[in-house]
Each structure stands twice: as structure tokens, then as C-alpha cells.
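1. Fold the following for me, if possible:
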Amino acid sequence: MDLEKPPLGGPGTQPAGCLAVAIRIPVRIVVLVLVVPVRMAWDALVVGGRFLRDTMLRPLGRGLGWVARALFVWPWVALWRYVVLPVGRALAWLGEVLLVVPAVWLYRTVLTPLGHAVAWLVRGIGAGIALLFRGLAAVVIGTAAGVVTVLDWVYVRLFTPFGRSAGRLLKGVGRVLAAIGAGAYTAVAWLVRYLLVVPALWLYARVLTPVGKATALLAGGLAWIVRMIFVGIGAALYRTARVLLVLPALAVWRWVLVPVGRILAVVAREIGEALGHAWRVAGYISLAVGRFLARLFRWTFVEPARWAYRTVLTPVGHAVRDLVLEPAAEVARGVRQAARQALDAARDSARQARADFRRMVFGAPREPEPVALREPAAGETRTLGSSTTALMKD
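-> Predicted coordinates:
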């Protein structure tokens with residue numbers, strides 16, 4: 001634990017004043033006294049949690065996982081593998097046999113010939129209807145040609161002269177009406193100009209324009225007066241607020257809050273550094289205490305138990321093994337061998353009795369007839385001059 005003032009200008013260090021040096025030592029001592037029990041309790045909880053995880057929670061989790069697989073996964077897998085898949089395959093086979101094969105047979109042997117017949121009949125009916133429509137179209141075309149000829153004669157001989165005469169009459173009437181409308185429009189335009197437009201322009205230029213300019217000047221003067229009033233009020237309020245609020249707040253910030261904040265920042269930084277140092281030192285202390293407790297437990301329980309195991313239990317176990325377990329094992333092996341021999345003898349006796357009963361009831365079995373061997377006898381060995389196959393016989 002570093003309790004001295006760090007050197008100025010060093011890498012990673014900040015210059016500390018007299019206040020920091022005066023605060024550092026008591027703060028670190030108090031924090032160390034407060035942090036050591038917390039760190040030791042934390043280390044004890046960590047060790048206990050690791051021991052509980054390794055000895056209880058992990059095996060319990062594996063057991064629960066195996067139970068969950070046995071209860072939820074394996075039954076569904078077995079149901080899918082041994083029930084659903086066979087039933088599905090059987091249903092697919094039944095569907096193919098009962099639906100697909102009959103449908104294919106019906107399509108090939110019934111629907112296809114019937115469709116060809118219907119198509120041939122429809123093509124014949126279509127050809128007849130086409131011939132009928134062709135005849136009707138020829139009759140209609142001939143009738144239409146006659147009607148068109150008659151209408152052309154009527155248009156040329158009757159409608160054309162009548163239309164030309166009516167057009168000339170309408171042109172004359174239109175010229176008369178245009179002359180009358182032009183005179184009326186000129187008279188109305190002269191009356192509207194001299195009765196409405198000229199008086200309105202005189203009224204706008206001589207009356208409305210001076211009145212508007214005077215009103216605009218009056219409104220501008222009133223606006224300037226109101227603006228100056230509000231500017232004066234705003235300046236007075238600004239200076240009053242600055243004197244009553246801003247300057248005192250600035251003085252409080254500059255001469256009270258900033259020094260207090262700096263002091264609090266130094267205290268907080270020192271407390272944080274003290275907490276870090278105290279946590280690390282408490283870790284070393286907790287490690288030393290843990291090692292001492294582990295060594296004490298070893299000297300108190302482990303070493304006596306090991307000594308008792310080596311010096312008391314091991315010789316006793318060897319004596320029990322040599323004097324009790326090995327003779328008992330020899331006796332058990334002898335009994336097992338005798339029992340096995342007795343069982344073999346009983347099995348042979350039962351087999352012999354069964355064979356004697358079969359021979360007594362059904363008679364002795366026939367002896368198998370000897371079969372000629374393809375190989376020569378022991379005295380007749382193969383030579384280059386002898387023939388042993390059908391192809392090599394003389």
C-alpha cells in the first residue's frame with residue numbers, strides 16, 4: 001500500500017497539492033478498515049460458490065438434464081421413430097394403392113379416350129357452326145352493300161343540295177347578328193368606361209392614396225413609440241436581473257461552488273484511489289488468511305486423517321484382505337467351480353437320458369453312407385503319369 005505522495009511529472013500521475021496529501025492517509029486507513037471485512041466476506045462467498053457449483057450444482061444440473069432428456073426428449077424420439085414414421089409410411093402406401101393407382105388407371109383407360117371423343121365431337125360442331133356463320137356473313141354483306149348504295153344515292157341527290165342552301169342562309173343570318181352585336185358591345189364599353197372606370201381611378205388617385213400614406217405614417221410612428229417603450233423596459237429589466245440575479249449567482253459559482261467542487265473532486269478521487277488500494281490490499285490479506293485457514297485445516301484434520309489412514313487403516317485393511325477376504329474368495333471360487341462341475345454333470349446326464357429315450361422310442365439312427373472322396377488315397381499319390389480328372393483319362 002503506497003501511502004507516500006507520488007512524484008510530480010511522472011507518467012500516468014497527476015500533481016497533488018497539500019489538500020490531497022492531507023486527505024490521502026486518513027482516508028486510506030479508514031477505507032482499508034472498512035473494506036477488509038467486505039473483501040474477506042466476498043472471497044469466502046466466491047470460494048463457497050465455486051465449491052457448491054463443483055460439488056452440487058453441476059452434478060445436479062447433469063442429472064436434471066438426463067432426467068429431462070429421459071422424460072421429454074427420448075419418448076418423443078421413440079414415438080417419432082417407432083410410431084409416426086411407420087404409420088406415415090403405411091398411410092402413404094395405402095394412399096398410393098387406394099388413390100393414386102386407381103386414379104392413374106381411370107385417367108389412362110377412361111378419361112383419355114373420353115376426352116379424345118369429346119374433342120373430336122367439339123371440332124365437328126365447330127366446323128359446322130363456322131360454315132353456318134360464313135353463309136350468314138355472306139348474306140349480311142350482300143344486304144349491307146345494297147343499303148349502302150341506296151344511302152349514297154339519297155345523300156348525293158337529296159341531302160347535299162339541301163345542306164348547301166341551309167349553309168348559305170345561316171351565313172347571312174350570322175353576318176347580320178355579328179353587326180348588331182358589335183354596335184351593342186361598343187356602346188356598353190363606352191358607358192362602362194366613363195361611368196365606372198374613370199370615376200374609380202380619380203377616387204383612387206385623389207382620395208385613397210393620400211389617406212393610405214397618412215395612415216401608414218401614423219402607424220409607423222406609433223410602432224416606433226411602442227418599440228422604444230418596450231426596449232427601455234427590457235433594458236431596465238435586463239440590468240435589474242443582472243444586478244439582482246446574475247452577478248450574485250456568478251459570485252456564488254466562482255467563489256463558493258467551484259472551490260467546493262474542486263475539494264469534493266479531490267476527496268472523491270482520493271476515496272476512489274483509496275478504495276482501489278484497499279480492495280487490492282484486502283485481497284492480499286484475504287489470501288493470506290485463507291492460506292492460513294487452509295493450512296490450519298490441513299494440520300488439524302487432513303494430516304491426522306492421512307496419518308491414521310497410512311498407519312492404522314492400511315495395515316488393518318491389508319490384514320483383513322490377507323486373513324479374511326482372500327480365503328473367502330478362494331472358498332467362493334471353489335464353491336463356484338464345484339457348482340459348475342455339478343451343473344455340467346447334470347446337463348450331460350440329462351442329455352444322455354434324452355438320447356437313450358429317443359433311441360428306445362424311435363430306434364437307433366442310421367449310420368451315414370460313406371461318400372467317395374475326390375482325392376486319392378494315402379497310398380495312391382498323384383504323379384505326372386496318372387490321370388485324376390475325366391479330361392486326362394486315357
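2. where in the stretch 1-150 of the chain is pLDDT low?
-> Scanning the stretch 1-150 of the chain for pLDDT under 70 picks out 1-24.
3. In it, what residue spans correspond to helices?
-> With helices called from DSSP state H, counting those that start in this stretch, the stretch 1-150 of the chain shows them at 18-52, 58-68, 74-79, 85-95, 101-106, 112-154.
4. Those helices: which one's closest to R291?
-> Judged by CB to CB, the one of the helices of the stretch 1-150 of the chain that comes nearest to R291 is helix 18-52, at 11.4 Å. All C-beta atoms are positioned from the backbone trio N, CA, C, and that covers glycine.
5. tell me the most buried of the helices of the stretch 1-150 of the chain?
-> Ranked by average neighbour count under the criterion mean count of other CB atoms under 10 Å, the helices of the stretch 1-150 of the chain are headed by helix 18-52 at a mean of 14.
6. so how far is that one off the chain centroid?
-> 44 Å (CA atoms, centre = their mean, to the nearest Å).
7. who does that helix touch, helix- and strand-wise?
-> Under the contact definition 3 or more CB pairs under 8 Å, 6 or more residues apart in numbering; DSSP states H and E, helix 18-52 sits against helix 258-297.
8. any idea of the angle the helix it packs on forms with helix 18-52?
-> 40 degrees (axes from the mean of the first three to the mean of the last three CA atoms, to 10 degrees).
9. Nearest the geometric middle of this protein, what residue?
-> Closest residue to the average C-alpha location of the chain: V73 at 23.4 Å, with CA atoms, centre = their mean.
10. show me the contacts for P113.
-> Listed by CB atoms under 8 Å, 6 or more residues apart in numbering, P113 has no contact partners.
11. What distance do you get for it to L106?
-> Taken as CB to CB, to the nearest Å, the spacing of P113 relative to L106 amounts to 11 Å.
12. ok, now L203?
-> Using CB to CB, L203 is found at 101 Å from L106.
13. Could you do W255 as well?
-> As judged by CB to CB, W255 and L106 stand 106 Å apart.
14. Next, count neighbours for L275.
-> Using other CB atoms under 10 Å, L275 has 17 neighbouring residues.
15. mind listing what it touches?
-> 31, 35.
16. ok, back up a step: L217 is nearest to which of the helices of the stretch 1-150 of the chain?
-> Ranking the helices of the stretch 1-150 of the chain by their distance to L217 (criterion: CB to CB) puts helix 18-52 first, at 70.0 Å.
17. Could you check the angle that closest one makes with helix 58-68?
-> Our comparison of helix 18-52 with helix 58-68, counting by the same axes, to 10 degrees, yields an angle of 50 degrees.
18. helix or strand right after the strand or helix carrying Y238?
-> When elements are assigned from DSSP states H and E, Y238 belongs to helix 209-241. Moving toward the C-terminus from helix 209-241, the next helix or strand (DSSP H and E) is helix 247-252.
19. counting contacts, what elements does that next one pack onto?
-> Using 3+ CB pairs under 8 Å, 6+ apart as the contact criterion, no helix or strand is in contact with helix 247-252.
20. Distance from that helix to the middle of the chain?
-> Per CA atoms, centre = their mean, the displacement of helix 247-252 from the mean C-alpha position of its chain is 57 Å.
21. Now do that helix, average pLDDT.
-> For helix 247-252, the mean pLDDT works out to 89.
22. now stretch 314-325
-> Model confidence over stretch 314-325, given as mean pLDDT, is 88.
23. what do you get for stretch 354-369?
-> Computed over stretch 354-369, the mean pLDDT rounds to 71.
24. What of stretch 232-243?
-> Here the mean pLDDT over stretch 232-243 is 88, rounded to a whole number.
25. where's it relative to the chain centroid, distance-wise?
-> The chain centroid and the centroid of stretch 232-243 are separated by 62 Å under CA atoms, centre = their mean.
26. how distant is stretch 271-280 from the center of its chain?
-> The answer for stretch 271-280 is 43 Å, by CA atoms, centre = their mean.
27. mind listing what's buried in that stretch?
-> Applying a neighbour-count criterion of 16 or more other CB atoms under 10 Å, one finds 271, 273-275, 277-279 buried in stretch 271-280.
28. As CSV, could you dump the C-alpha coordinates of that stretch?
-> Backbone C-alpha positions of stretch 271-280 (Å, rounded to 0.1, in the frame of the first residue of the first chain) are rendered in CSV as follows:
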residue,chain,number,x,y,z
ILE,A,271,-11.7,8.0,-1.9
GLY,A,272,-11.8,6.1,-5.3
GLU,A,273,-8.0,5.5,-5.2
ALA,A,274,-8.2,4.5,-1.6
LEU,A,275,-11.0,2.1,-2.4
GLY,A,276,-8.8,0.6,-5.2
HIS,A,277,-5.7,0.3,-3.0
ALA,A,278,-7.8,-1.0,-0.1
TRP,A,279,-9.5,-3.6,-2.3
ARG,A,280,-6.2,-4.9,-3.5
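29. So for that stretch, mean pLDDT?
-> Regarding stretch 271-280, the rounded mean pLDDT is 81.
30. any chance of the helices of the stretch 1-150 of the chain in JSON lines, plus distance to R333?
-> Rendered in JSON lines, the data for the helices of the stretch 1-150 of the chain read as follows (distance: least, CB to CB, whole Å):
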{"stretch": "helix 18-52", "distance to R333": "44"}
{"stretch": "helix 58-68", "distance to R333": "37"}
{"stretch": "helix 74-79", "distance to R333": "41"}
{"stretch": "helix 85-95", "distance to R333": "50"}
{"stretch": "helix 101-106", "distance to R333": "69"}
{"stretch": "helix 112-154", "distance to R333": "84"}
